[in-house]
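In: sequence first, predicted coordinates after that:
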Amino acid sequence: MAKGTMYIDGQRVEFDGEKNVLAVIRKAGIDMPTFCYNSELSTYGACRMCVVEDERGKIEASCSMEPRNGLKIRTNTSKLLKHRRMILELILASHDRDCTICEKTESCQLQELALRFGIRKVRFENTRARLEKDESSLCIGRDPNKCVLCGDCVRMCSEVQGVGVINFAHRGSELQVMPAFDRKLADTNCVGCGQCAAICPTGALHINNQIGDAWRALHDPKKRVVIQIAPSVRVGVGEAFGLPRTENCMNKLVAALRMMGADEIYDTNVGADMTVMEESKEFLERLKKGGPFPMFTSCCPAWVKHVENEMPQYLRNISTCKSPMQMFAALLMDQCARKDKEDGKKTYHIAIMPCTAKKMEAARPEFRRGGEPDVDLVLTSREVIMMIKEMGIQFAELEGESPDMPYGIASGAGAIFGTTGGVAEAVVRRILPDKSKDTLKMLSYSGLHGTEEIRSVTLPYGERDLHVAIVHGLGNARKLITEIEEGRAYYDLIEVMTCRGGCVGGAGQPTVTMAQKRERAAGLYETDRGSMIKSSEQNPVITMMYEGPLKGRTHEMLHVHYEMPKKPAK
Amino acid sequence: MNKNLEKVTRIVESYDCEPANLIAIMQEIQTAFNYLSEEALVLVADMLEIPISRVYSVATFYENFSLEAKGEHIIKVCTGTACHVRKSEPIYNALREDLGLTGKKKTSADGKFTLETVACLGACGLAPVMTIDGEVHSKMTPDAAIALVDEIRRKEA
């Protein structure tokens, strides 16, 4: 990798392996504006916001320039500023500027840059015909009138997730981002991961907002609103209120939700503990029976959907365990049915998740009983943040409150479900006979932690070794499967999470960089370290449930068989 | 699988199912069927193991690819500089009206005619020119163009 020195606005800056001049500029402390550049994706060079001027007055996009020794550039000449303002003005001219009521308001990059560059007037008329919105997906909404054609979503969907549902279509002034044949997202192979919406700089792709349904239920006196909160939400919400990403805000969140009128609030970590129990049991059975291996984890609904869509031959390799959300919901609804009869109320179950795909999972026919879904509504962290803001709750100042009993006690293994590697580690903790401190420490250094995209660990287990792999990003999952098919790798257990970084980086959370996802993960590992219960089977709530409501019913309540779907239009 | 798709399969196979040959594959399919049908494109994407959105992206980028079934007769009106100066646009508009084409539609409702434009036929001395099924008609006027279309209609009626 190239090393050297360059001069940015007269400032001497060393570079060492940065992939482009833009990265060096940002390292030098200048927040160069961009739409189409994202360090985790390939360079596209379309938006031209990151232009710089060299000594001869030549203008070039810094994202597409290689750092060179002795290079002298300026980032803020009058020519460049005028150029950037013009780009913004032109984008704004053909943009649906209903900012005050836009889903992305406050988190919109276009809005931020227009503000930063002081664009107060748009001289050009919008000549683009109004295009139809796509609200077919339960997870994501698409409004082509707000698209700036940066292509971030296109590259996210194909490069990171390997799904490629959306792409550019047509050309010139008719260029648009859309699924093939302008199909509705619901009619495509979209897995609902929402990463396109997370990376979209405007409101063109956004989370399907269901706050209205939540308020209606909370304000309905005939409804008992029961809430579960997923592991990674507790480290995803606080930053919107100025709290550090590493801080576990579970208790503040519980307090806020009680203020909103929730009747019962539980911890999905208990569901995660149940998943660990069932998944490890299933894994041990497979070891006895001799397969099928690899066994894939089943917590991530986008992953399950991807397998159904693109490689149904691997459905039998996916664990039959429901996801923690659905396991917990099945148990809860079973319990609440009795309560409902007693007091004449109707239970309305809300799951607060870091994930847009969970909205789709909750609506699956497999998770309905008697026509009613186990989870009535999935709210993402972002939606809950908006609700807290709407209430005017000073979140950072709140006194924390504990979730309700009995489903308020969970193990540390349940907490780390929210990060890549967490599910695998929790299962390994359960099946390893030695649960000493040293073993736990060894596990944390074994490679289970971290954010490398494909990681593997080999652990001694009785007379054989267990080969465990962890992968995040669907594109990486596919890579790993190809390796296995070609006989270059073998694994017994593979944890797959669709979003990079795992659920802490879910599209339902405020969008952050990889480094910031690591901070959230650190918050979960911190919670695990502070937890008295390390392994799921040591959780007294789990023991109580297995001797009580789950006795003899684990298969019916906690497992699911995904039917081979009719092949949808690709 | 129907016959058309079998032919598509053979075309894709003749290019070794290589994604880099996408454009050539689509050109050949278009030559065979006059246009690119949705089912043909879906099959191409499946065989090349690339997302259909990418195939669609390429197919819609090039003006030469048509995603609509074309009519039995293809009319091309030249819009090159010489023809433009000698008023080819009124000819195009008159034909559009006569064929009942609106918006982005290029093919008449009865499936008989497809109206397209062409950049230059190299027959500038004969401007304005148009072609019907490859045959060049020179020094056209709106009325003469409609008369040619009517003649085909009469012959086939």
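Out: Nice, I can see it. Numbers count the residues shown, from 1 in each chain, chains lettered A, B, ... in the order given.

In: residue A:297 contacts residue A:496, correct?
Out: Yes: proximity of residue A:297 to residue A:496 meets the contact threshold set by Cβ atoms under 8 Å, at 6.0 Å. No exception for glycine: its C-beta is placed from N, CA and C like everyone else's.

In: neighbour-wise, which of these two wins?
Out: More crowded of residue A:297 and residue A:496, by other Cβ atoms under 10 Å in any protein chain shown: residue A:496, with 29 against 24.

In: residues near residue 13, how many?
Out: Assuming you mean chain A. A count of nearby residues for residue A:13, using other Cβ under 10 Å, gives 20.

In: my question was about chain B
Out: If you count neighbours by other Cβ under 10 Å, residue B:13 ends up with 11.

In: tell me who's in contact with the residue nearest in space to the middle of chain A.
Out: In chain A, the residue lying closest to the centroid (Cα atoms, centre = their mean) is residue A:506, at 0.9 Å. Residue A:506 makes contact with A:194, A:232, A:236, A:353, A:354, A:355, A:356, A:380, A:381, A:499 under the criterion Cβ atoms under 8 Å, 6 or more residues apart in numbering or on different chains.

In: assign residue A:481 to helix, strand or coil.
Out: helix (DSSP: H, G, I helix; E, B strand; the rest coil).

In: what sits in contact with each of residue A:297 and residue A:496?
Out: Shared contacts of residue A:297 and residue A:496, defined by Cβ under 8 Å, 6+ apart, comprise residue A:303.

In: excluding its backbone neighbours, what's nearest the residue of chain B found nearest chain A?
Out: Proximity of chain B to chain A (Cβ to the nearest Cβ) peaks at residue B:51, 2.9 Å away. Taking Cβ to Cβ, 6 or more residues apart in numbering or on different chains, and ignoring the residues beside it in sequence, residue B:51 has residue A:164 as its nearest neighbour in space, at 2.9 Å.

In: mind checking how far the one you found is from residue A:310?
Out: Distance, residue A:164 to residue A:310, by Cβ to Cβ, to the nearest Å: 10 Å.

In: who has more neighbours, those two?
Out: The residue with more neighbours, out of residue A:164 and residue A:310, is residue A:164; 23 against 17, by other Cβ under 10 Å.

In: helix, strand, or coil at that one?
Out: Of the three states, residue A:164 takes coil under three-state DSSP.

In: equivalent analysis for residue B:114, please.
Out: Taking three-state DSSP, the label given to residue B:114 is strand.

In: so who does it touch?
Out: Going by Cβ under 8 Å, 6+ apart, residue B:114 touches B:70, B:71, B:73, B:74, B:75, B:106, B:107, B:108.

In: for it, give the beta-bridge partners.
Out: Judged by DSSP bridges, the bridge partners of residue B:114 are residue B:74, residue B:107.

In: mind pulling the model confidence for residue A:414?
Out: The per-residue pLDDT reported for residue A:414 equals 89.

In: and it, how many neighbours?
Out: Residues near residue A:414, counting by other Cβ under 10 Å, number 31.

In: got it, and residue A:365?
Out: By other Cβ under 10 Å, 8 other residues sit near residue A:365.

In: picking that back up, in JSON lines: the contacts of residue A:506, plus pLDDT and neighbour count.
Out: Output for these, formatted as JSON lines (pLDDT from 0 to 100; neighbours: other Cβ atoms under 10 Å in any protein chain shown):
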{"residue": "A:194", "pLDDT": "96", "neighbour count": "33"}
{"residue": "A:232", "pLDDT": "95", "neighbour count": "33"}
{"residue": "A:236", "pLDDT": "94", "neighbour count": "33"}
{"residue": "A:353", "pLDDT": "97", "neighbour count": "33"}
{"residue": "A:354", "pLDDT": "97", "neighbour count": "29"}
{"residue": "A:355", "pLDDT": "96", "neighbour count": "32"}
{"residue": "A:356", "pLDDT": "97", "neighbour count": "31"}
{"residue": "A:380", "pLDDT": "97", "neighbour count": "31"}
{"residue": "A:381", "pLDDT": "96", "neighbour count": "29"}
{"residue": "A:499", "pLDDT": "95", "neighbour count": "31"}
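
In: looking at those residues, which are in helices?
Out: Of those, the ones assigned to helices by DSSP state H are residue A:381.

In: which of the contacts of residue A:506 lies closest to chain B?
Out: residue A:194 (17.3 Å).

In: ok, that closest one touching residue A:207?
Out: Yes: contact between residue A:194 and residue A:207 holds when scored by Cβ under 8 Å: they sit 6.3 Å apart.

In: which residues do the two both contact?
Out: A:139, A:140, A:356, A:507, A:508.

In: report the two of those residues separated the most.
Out: Taking Cβ to Cβ as the measure, these span a maximum distance of 10.8 Å, between A:140 and A:508.

In: what sits in contact with each of those two?
Out: Counting by Cβ under 8 Å, 6+ apart, the contacts common to residue A:140 and residue A:508 are A:194, A:207, A:356.

In: re the thing from before, in space, what's closest to the residue nearest to the centre of chain A - neighbours in sequence excluded?
Out: residue A:354 (3.4 Å).

In: same question, residue B:153
Out: Using Cβ to Cβ, 6+ apart and skipping residues adjacent in sequence, the residue nearest residue B:153 is residue B:112, 7.4 Å away.

In: ok, the one you found touching residue B:155?
Out: No: assessed by Cβ under 8 Å, residue B:112 is found out of contact with residue B:155, at 11.4 Å.

In: which of those two has more neighbours?
Out: Ranked by neighbour count (other Cβ under 10 Å), residue B:112 and residue B:155 place residue B:112 first, with 15 against 7.

In: residue contacts, that one?
Out: Residues counted as contacts of residue B:112 (Cβ under 8 Å, 6+ apart) are B:71, B:72, B:73, B:152, B:153, B:156.

In: please apply the same query to residue A:211.
Out: Contact analysis of residue A:211 by Cβ under 8 Å, 6+ apart lists A:379, A:383, A:386, A:387, A:390.
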